[in-house]
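In: Build the 3D model from these lines:
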Amino acid sequence: MKDRVLVLPRGKGSTVGSWTLYELSINGVAPAAIICREADPVIAVGAILARIPAVDKLELDPLEALRDGLVVEVEAEGKSGKVRLVGG
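Out: Presented below is the predicted three-dimensional model:
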């Protein structure tokens, strides 16, 4: 996952998911960003702890709009997250 954007529908599980994202970050292999249809507390807390930009509830369904090989820029500051297609 290192330097790639993780796109998923939602998280599921317990605090182990949050810890896993944090541990990926500590080991230098975390995703560059996370895009979810709807982030749950596990994904949100993990992204915060690991300092991974994360966005959810986009206008377009990311699982339908994005595909492997696209280059995207994720802006996750403030209250509104944005995803921009850069290339691919």
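In: can you list contacts of the helix or strand bottoming out on mean pLDDT in the chain?
Out: In the chain, no helix or strand scores lower on mean pLDDT, DSSP states H and E than strand 82-87, which sits at a mean of 81. Residues from elsewhere that reach strand 82-87, judged by Cβ atoms under 8 Å, 6 or more residues apart in numbering: 35, 55, 58, 62, 66, 70, 71, 72, 73, 74, 75. Just so you know, the C-beta spots here come from the backbone N, C-alpha and C atoms, and that holds for glycine as well.
In: List the neighbouring strands of it plus their orientation.
Out: strand 71-75 (antiparallel) (DSSP bridges).
In: Count the residues that sit near residue 15.
Out: 11 (other Cβ atoms under 10 Å).
In: Let me know whether it touches residue 42 as I believe.
Out: Yes: counting by Cβ atoms under 8 Å, residue 15 touches residue 42, with 7.0 Å between them.
In: Nearest the geometric middle of this protein, what residue?
Out: The centroid of the chain falls nearest to residue 34 when counting by Cα atoms, centre = their mean (0.6 Å).
In: for it, what are its contacts?
Out: If you count contacts by Cβ under 8 Å, 6+ apart, residue 34 has them with 5, 6, 7, 8, 43, 47, 52, 53, 54, 55.
In: Just to be sure, it is in a helix?
Out: No: judged by DSSP: H, G, I helix; E, B strand; the rest coil, residue 34 forms no part of a helix; its state is strand.
In: got the phi/psi numbers for the closest residue in space to it that isn't next to it in sequence?
Out: Take residue 34 and drop its neighbours on the chain: the residue closest to it by Cβ to Cβ, 6 or more residues apart in numbering is residue 54, 4.1 Å away. Dihedral pair for residue 54: phi -140, psi 140, per degrees, to the nearest 10.
In: residues near residue 54, how many?
Out: Count around residue 54 with other Cβ under 10 Å applied: 21.
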